[in-house]
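Got a predicted model here, sequence first, then my questions.
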Amino acid sequence: MVIRESDYRTLSVMCRGYRGKGFRVGDGLRALAEKLPDARVVADDELPDDVVAIDSVLRLTELSSAISFECRIVLPSQVDLAQRHISVVSLIGASVMGEKQGQIVMYKCPDRLRLVRIDRVSQPEQAVAQASGASAGGSRNARD
């Protein structure tokens, strides 16, 4: 797991917050708490573009069904399933956090183990740059 420093600080606080307080903890938060101590923490601007971070937009394929879908990994307060904003402390969010594009990750649901391939990772800055580049290119072509 590779994680940028700001995400590490945020997630460490979340993971420490439940310990010893008698809270019922979800499996995703527990999985994340287990992964964090072994994480390689990098400066925010040194995180490779193909590594999943908070606010990354992903294209995932669930391997047993071959169903692909896009989602954004967000903090719990930003979850919006209609927009496919998935919590970093959900089982799937915790499993893909810090992993690289092309990797296959496994997570355990109550009914079975699931395998998901990370087909594409986009960071918010990339999405903005791609959108502005596409619109700039489109307007130049319209004038020519």
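Here it is on my side, so go on. Residues are numbered from 1 along each chain as shown.

Could you use CA atoms for every contact and neighbour count after this?
Noted.

Now tell me what touches stretch 70-84 from outside.
Contact partners of stretch 70-84, identified using CA atoms under 8 Å, 6 or more residues apart in numbering, comprise 53-60, 85-89, 93.

Glu70 - how many residues pack around it?
Close neighbours of Glu70, defined as other CA atoms under 10 Å, add up to 15.

where's it relative to Lys100, distance?
Counting by CA to CA, to the nearest Å, the separation of Glu70 from Lys100 is 16 Å.

re earlier: can you flag which of the contacts of stretch 70-84 belong to strands?
Counting by DSSP state E, the part of the contacts of stretch 70-84 found in strands is Val57, Leu58, Arg59, Leu60, His85, Ile86, Ser87.

now those residues as a markdown table including pLDDT, neighbour count and distance to Leu32?
Conversion of the ones in strands among the contacts of stretch 70-84 to a markdown table gives the following (pLDDT from 0 to 100; neighbours: other CA atoms under 10 Å; distance: CA to CA, whole Å):
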| residue | pLDDT | neighbour count | distance to Leu32 |
| --- | --- | --- | --- |
| Val57 | 97 | 22 | 19 |
| Leu58 | 97 | 23 | 18 |
| Arg59 | 97 | 17 | 21 |
| Leu60 | 97 | 22 | 19 |
| His85 | 97 | 21 | 18 |
| Ile86 | 95 | 23 | 14 |
| Ser87 | 94 | 25 | 12 |
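
related to what we said a few turns ago, next, give me the two most distant ones among the contacts of stretch 70-84.
Between any two of the contacts of stretch 70-84, the greatest separation by CA to CA is 18.2 Å, found for Arg59 and Val89.

Run a quick neighbour tally on Val42.
With neighbours defined by other CA under 10 Å, the count for Val42 comes to 16.

ugh, wrong one, I meant Arg30
When neighbours are counted by other CA under 10 Å, Arg30 registers 17.

Tell me which residues of the host helix or strand of it come out buried.
Using DSSP states H and E, Arg30 sits in helix 27-35. Of the residues in helix 27-35, Asp27, Gly28, Leu29, Arg30, Ala31, Leu32, Ala33 count as buried by neighbour count, 16 or more other CA atoms under 10 Å.
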